[in-house]
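Undergrad: the following block contains a protein sequence and its predicted model.
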Amino acid sequence: MAPPNRDSIVVIGAGVIGLQVALTLLTESSAEKKPRVTIVASAFPGSFSPHYTSPWAGGQWRTHASRKTPEGCEQCDWDVQTYRYWKNLVASEKFKPPSRASGSGVAEFKSHFVWDEINDEIRPLQPGGPLGTGLWWKHEVDDFRILPNSERPSNTIFGVEWTSFCFNVPRYLQYLLAKVEEHGGRCVQLTLPTTAGLENAITVASGAVDGKVDLFINATGLAAGKVAGDSKVFPTRGQTVLVEGEAQMARTRKGDGYIAYTIPRPGSGTTVLGGCNEAGNWDEKIDESLHEKILERTKILAPELLDSNGSHTILSRQVGFRPSRQGGPRVEFENVSEKLVLHCYGHGGAGYQNSIGCSRKVLTVVEEVKRKSVIEAKL
Ligand SMILES: Cc1cc2nc3c(=O)[nH]c(=O)nc-3n(C[C@H](O)[C@H](O)[C@H](O)COP(=O)(O)OP(=O)(O)OC[C@H]3O[C@@H](n4cnc5c(N)ncnc54)[C@H](O)[C@@H]3O)c2cc1C
């Protein structure tokens, strides 16, 4: 039975971050602290807008986090936590019919990443040493190996294989939403004003719930630039193509000024082809020249997707904006006229793979602040 004096938390945003934060609060809080959770958002799974980023993800687990940053690497740990969580999730679903198409939409796939030239990620740690020695995550994933020349496309200099996770993005979002509701989370569709400041936005959000709100969590992704007045937030434009056929594995190739990838969408009989990372570009239109390049580059990566004429069967083309932030994601409290807001946004191109670790950080800091307020009340 739920404890009577449960805290009331409003999560603003129903992208992968808002949904996973809500789910973690509902399922991993200690029993006596389990809060009431309401998600307030303008867009929920099933809706599509270029500024609702989550539906446009590839998506796969392939960490971009770097241990070389002076302040250490919190995102590395978040990504590793998500990898392990998905591994258990997939194992738990494995024997439930109808196999990959059921449940969460997450599935295990072999993954290849190949490089055309040396960059910071694969540069030898010691001059003259072997490439790839600094790939910190090789010890965290299963079945990591360096690809021999014979298994890489020509004109590439280095490549790796590991067991990764790909997810059927629309299905995974629906799955998270269903889990939130199953665990008692409420959902309210509401667009909060963004031009009159954070205080005004949370005042409007509190109108969506009965009673006092103890904490607001700002998971508005790219909109956080306006909602929280954070000038460090910027879009990183991505453009993809959805084609018929499920690639046998996930493959990525990185070269001079470009990235190309093929990510199978488990259980859907489709694959996402990409892509680009265009910082600061807000253009919602398809770039036709980039579209042709994506098709050309990915033909070499996943020839199994081509028909007998050597062409793809294109199902859709899309643009999405990764919610990037200078300095990385912001998970931080702000006191707004006596109301407590925990910001959780700015996950850029890594929101899914960050999601489990980041949500657990949210849970930890929420429980910590609660513990402190209980101690202070007793003093
Ligand atoms: C092409 C592409 C490929 C990607 N591939 C991957 C991948 O393979 N792996 C990976 O980990 N990540 C990937 N990403 C990144 C990932 O998609 C994002 O990091 C993630 O979706 C961000 O989620 P979010 O919840 O922060 O934001 P969003 O999904 O944008 O959600 C924001 C939420 O806030 C709500 N909101 C905003 N403003 C308001 C308002 N004023 N009032 C009420 N509600 C509001 C919105 O309605 C929405 O519900 C990719 C992204 C792109 C574009």
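TA: Structure received. Numbers count the residues shown, from 1 in each chain.
Undergrad: what residues are up against the spatially closest residue to residue 245 that is not a sequence neighbour?
TA: Of all residues not flanking residue 245 in the chain, residue 305 sits nearest, at 4.5 Å (Cβ to Cβ, 6 or more residues apart in numbering). (C-beta placed from N, C-alpha, C; glycine too.) When contacts are counted by Cβ atoms under 8 Å, 6 or more residues apart in numbering, residue 305 touches 243-245, 247, 262, 271, 298, 312.
Undergrad: surely residue 209 is within a strand?
TA: No. Counting by DSSP: H, G, I helix; E, B strand; the rest coil, residue 209 falls outside a strand, being coil.
Undergrad: pretty sure it sits against residue 38.
TA: Yes. Using Cβ atoms under 8 Å, residue 209 is in contact with residue 38, at 4.9 Å.
Undergrad: neighbour count winner among those two?
TA: residue 38 (21 against 17; other Cβ atoms under 10 Å).
Undergrad: what packs against the helix or strand hosting that one?
TA: Element membership of residue 38, judged by DSSP states H and E, is strand 36-41. Contacts defined by 3 or more Cβ pairs under 8 Å, 6 or more residues apart in numbering; DSSP states H and E place strand 36-41 against strand 8-12, helix 16-28, strand 186-189.
Undergrad: does the ligand have contacts with it?
TA: Yes. Strand 36-41 is in contact with the ligand by Cβ under 6 Å from any ligand atom, via residue 41.
Undergrad: and stretch 346-357, by the same measure?
TA: Yes. Residues of stretch 346-357 contacting the ligand under Cβ under 6 Å from any ligand atom: 347-353.
Undergrad: out of the residues you listed, which one sits closest to residue 288?
TA: residue 349 (23.1 Å; Cβ to Cβ).
Undergrad: just say helix, strand or coil for that closest one.
TA: Under three-state DSSP, residue 349 comes out as helix.
Undergrad: so it touches residue 322, yeah?
TA: Yes. Using Cβ under 8 Å, residue 349 is in contact with residue 322, at 4.6 Å.
Undergrad: who touches both of the two?
TA: Joint contacts of residue 349 and residue 322 (Cβ under 8 Å, 6+ apart) are 236, 238, 277.
Undergrad: tell me the most packed of those, by neighbour count.
TA: Busiest of the shared contacts of residue 349 and residue 322 [other Cβ under 10 Å] is residue 238, holding 22 neighbours.
Undergrad: element containing that residue, please.
TA: Counting by DSSP H and E, the element that carries residue 238 is strand 233-244.
Undergrad: cool, residue 321 as well?
TA: Using DSSP H and E, residue 321 falls in strand 314-325.
Undergrad: angle of the one helix or strand residue 289 maps to against strand 233-244?
TA: Per DSSP H and E, residue 289 falls inside helix 288-301. Helix 288-301 and strand 233-244 meet at an angle of 60 degrees, taking axes from the mean of the first three to the mean of the last three Cα atoms, to 10 degrees as the criterion.
Undergrad: is any residue of helix 288-301 near the ligand?
TA: No. Under the criterion of Cβ under 6 Å from any ligand atom, helix 288-301 makes no contact with the ligand; the nearest approach is 11.0 Å.
Undergrad: okay, how far is it across stretch 185-202, tip to tip?
TA: 18 Å (Cα to Cα, to the nearest Å).
Undergrad: quick one: is it near the ligand?
TA: Yes. Applying Cβ under 6 Å from any ligand atom, one finds stretch 185-202 touching the ligand at 191-192, 194.
Undergrad: so what secondary structure elements neighbour the helix or strand of the chain with the lowest mean pLDDT?
TA: When each helix and strand of the chain is scored by mean pLDDT, DSSP states H and E, helix 351-378 comes last, with a mean of 89. Applying 3+ Cβ pairs under 8 Å, 6+ apart, one finds that helix 351-378 contacts helix 16-28, helix 74-93, strand 330-336, strand 339-345.
Undergrad: ok now that helix, how far from the chain's centre?
TA: Centre-to-centre, helix 351-378 and its host chain are 20 Å apart (Cα atoms, centre = their mean, to the nearest Å).
Undergrad: that's all I had, so thanks and see you.
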